[in-house]
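Novice: Prediction below, plus the sequence it came from.
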Amino acid sequence: MTASKIVRQRIWARLKDVALPDSRFHLDFAEVIPDFVGSLAATERVSAMAAWRSCRFAFVTPDNGLVELRRRLIAAGVPLVVSTYGIYRGFRIIEPGSVPAGHELYAAWLDGLEHFGKPISLAEIADRGRFDLLVTGASAVSTEGVRFGKGHGFFDLEWGMFTEIGIADERTPVVAVVHDVQVVEDRLFPSPTDILVDWIATPTRLIEVRRSLPRPRGIRWDLLEPQQLADTPPLQELRRLRGLSA
């Protein structure tokens, strides 16, 4: 078993005590990064950051623990890009003014994103310019910023695509929102595709990471399984944009 799998298994055993069950996947952490007790307090910490106050264009993953954070961005009128589950149907954007007052919370859930959001291609995202802020959940994250997801690599792919089209790079603030039990002190060594975060927000603290390693850039096409490419329309679009064969 790899080091990342060992860490996930250890954290998932603790996470059961503070996780809020998902309506579809319950507490199957291999399929869902759950909401957790205290996520509102963790969101408050992100909302107090300078990067949040100056944000004009954001990407937030569809994790359950980020619903309130997405609601606040929608209420503030910040254009918000969110990936569909598994990136199987690409990305959705919530435009300012597209959600009637009082419906922001529903719009922040996946069903609401489908209702109020519009599909947006990578090329259309790129036309809008750089992201000011990226926020993600995690299965586990080290105090040195090494983030592990569910094990499917979705955020790694999203980051790879965004860096390929020039809307995210080393300067882009990346925040992980997790429960305290998901923060590990172990020294973890990132894989070539693991994304290091700059900040970790928990119910009790905000950790600024002093990254000592650069983040990866672009898609490692050589590491992709054929089924990943077949299941992920934005990857197919990116290959077309790059003039690569299907």
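Specialist: Sure, I can see it. The model shown is predicted, which means the values in this text are computed figures rather than measured ones.

Novice: ranges for the helices of this protein?
Specialist: 3-15, 39-47, 50-53, 67-75, 104-108, 110-116, 122-127, 154-164, 226-231, 233-241 (DSSP state H).

Novice: got a list of contacts for the third one?
Specialist: If I follow you right, that is helix 50-53. 46, 132-133, 173, 175, 199 (Cβ atoms under 8 Å, 6 or more residues apart in numbering). Bear in mind the C-beta positions are built from the backbone N, C-alpha and C, glycine included.

Novice: Next, format those as TSV and append distance to residue 239 and neighbour count.
Specialist: Below are those laid out as TSV (distance: Cβ to Cβ, whole Å; neighbours: other Cβ atoms under 10 Å):
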residue	distance to residue 239	neighbour count
46	34	21
132	27	17
133	27	23
173	29	19
175	30	24
199	32	20
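
Novice: out of the residues you listed, who's nearest residue 35?
Specialist: For those, the minimum distance to residue 35 (Cβ to Cβ) is 14.8 Å, reached by residue 46.

Novice: before we move on, back to that, now mean pLDDT and distance to residue 26 too, for the helices of the chain, in CSV please.
Specialist: Putting the helices of the chain into CSV (pLDDT from 0 to 100; distance: least, Cβ to Cβ, whole Å) gives the following:
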stretch, mean pLDDT, distance to residue 26
helix 3-15, 85, 13
helix 39-47, 98, 18
helix 50-53, 97, 31
helix 67-75, 98, 17
helix 104-108, 97, 21
helix 110-116, 94, 16
helix 122-127, 97, 33
helix 154-164, 96, 20
helix 226-231, 92, 23
helix 233-241, 95, 28
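
Novice: contacting residues around stretch 109-117?
Specialist: Everything outside stretch 109-117 that qualifies as a contact, by Cβ under 8 Å, 6+ apart, is 62, 67, 82, 84-85, 92-94, 98-99, 103, 105-107.

Novice: roughly how far apart are residue 244 and residue 237?
Specialist: Counting by Cβ to Cβ, to the nearest Å, the gap between residue 244 and residue 237 amounts to 11 Å.
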